[in-house]
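Student: Quick one: sequence and predicted model below, then my questions.
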Amino acid sequence: MHPHDGPEGHQLHLMCDALEATVKELKAKGVEFTQPVNEER
């Protein structure tokens, strides 16, 4: 988790092999994404 310069909060950076599958799995577990998920290299 990293602090950022925006409103109070943190950014969470995850590493995974299959981004779409990971997002789907996390949403099924109740994780709420408040911003779009971006794939970075």
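Tutor: Yep, it's here.
Student: Residues touching the helix or strand hosting K24, excluding its own?
Tutor: When elements are defined using DSSP states H and E, K24 is found to belong to helix 19-28. When contacts are defined by Cβ atoms under 8 Å, 6 or more residues apart in numbering, helix 19-28 is touched by residues L14, C16, F33, V37, E39. Heads up, the C-betas are built off the backbone N, CA and C, glycines and all.
Student: any idea which of these is closest to P7?
Tutor: Nearest to P7 among the contacts of helix 19-28: F33, at 16.0 Å, using Cβ to Cβ.
Student: for the closest one, phi and psi?
Tutor: Note on F33: backbone dihedrals following degrees, to the nearest 10 are phi -100, psi 120.
Student: so who does it touch?
Tutor: When contacts are counted by Cβ under 8 Å, 6+ apart, F33 is found next to V23, L26, K27.
Student: and those as JSON lines, adding neighbour count, pLDDT and distance to P7?
Tutor: Compiled in JSON lines, the contacts of F33 are given as follows (neighbours: other Cβ atoms under 10 Å; pLDDT from 0 to 100; distance: Cβ to Cβ, whole Å):
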{"residue": "V23", "neighbour count": "15", "pLDDT": "91", "distance to P7": "23"}
{"residue": "L26", "neighbour count": "15", "pLDDT": "93", "distance to P7": "22"}
{"residue": "K27", "neighbour count": "11", "pLDDT": "95", "distance to P7": "23"}
